[in-house]
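Student: quick one, what's the 3D model for this:
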Amino acid sequence: MTLAWQAYGFEMFDRYCFPGFLGLLFFLAGRLNSTVKAIRPILFAILLLPIAVYSVGGLHDQFRWNDVRWKLRDEVIRLGVPPGNIEGGIEMDGWNSLENQDSPLNCIGPCHCEKAEWWPCVDASYRIGVWVRPGYTMVQSAQPTYWLTDGPALIVSRRTGTCH
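Tutor: Next up is the predicted model:
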């Protein structure tokens, strides 16, 4: 866990760290000597509470972020944009590529995505993300309701027609 922290800094706060934190709690609880054995459960609960709050709050924030992302996608589709022209993350792109098998694409500029070959993106004429890339203009944005922090708004952006 220490090596991951050194390598990734604040970007490593993720669900994969939870087992390490839980193991640390068990280790600390086990190191208490026999004179404090009676209060081990109380100390463990006190140590576990911040992780529980972080886990529940983080899950809430992730769900609200995803709700806003999919709502923005639906709004762009209502404006007449085919699903295959929207790039919004691997889950959304996979779903959009399945929905777009038979419908024609209305690409702005040549149809393409700037992702690896395994990424299921068909076209990125419209993007949903937390910033506007060069070559795009903002169409609309929406702010998720976060519990843990004031996170970024999600932005729908449209390719200007020039490709980079």
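
Student: low-confidence stretches in this structure?
Tutor: Residue ranges of the chain with pLDDT under 70: 1-18, 29, 32-36, 99-104, 115-117, 162-164.

Student: please enumerate the strands of it.
Tutor: Remark: strands assigned in the chain by DSSP state E are 86-87, 126-129, 136-142, 154-159.

Student: could I get those strands as a markdown table with distance to residue 30 and mean neighbour count?
Tutor: (Glycine included, C-beta is placed from N, CA and C.) Below are the strands of the chain laid out as a markdown table (distance: least, Cβ to Cβ, whole Å; neighbours: other Cβ atoms under 10 Å):
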| stretch | distance to residue 30 | mean neighbour count |
| --- | --- | --- |
| strand 86-87 | 48 | 26 |
| strand 126-129 | 44 | 21 |
| strand 136-142 | 47 | 15 |
| strand 154-159 | 44 | 21 |
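
Student: got those strands as CSV, with distance to residue 27 columns?
Tutor: Below are the strands of the chain laid out as CSV (distance: least, Cβ to Cβ, whole Å):
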stretch, distance to residue 27
strand 86-87, 43
strand 126-129, 39
strand 136-142, 43
strand 154-159, 39
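
Student: for residue 50, which of those strands is the nearest?
Tutor: Closest approach to residue 50 among those is made by strand 154-159 (28.0 Å; Cβ to Cβ).
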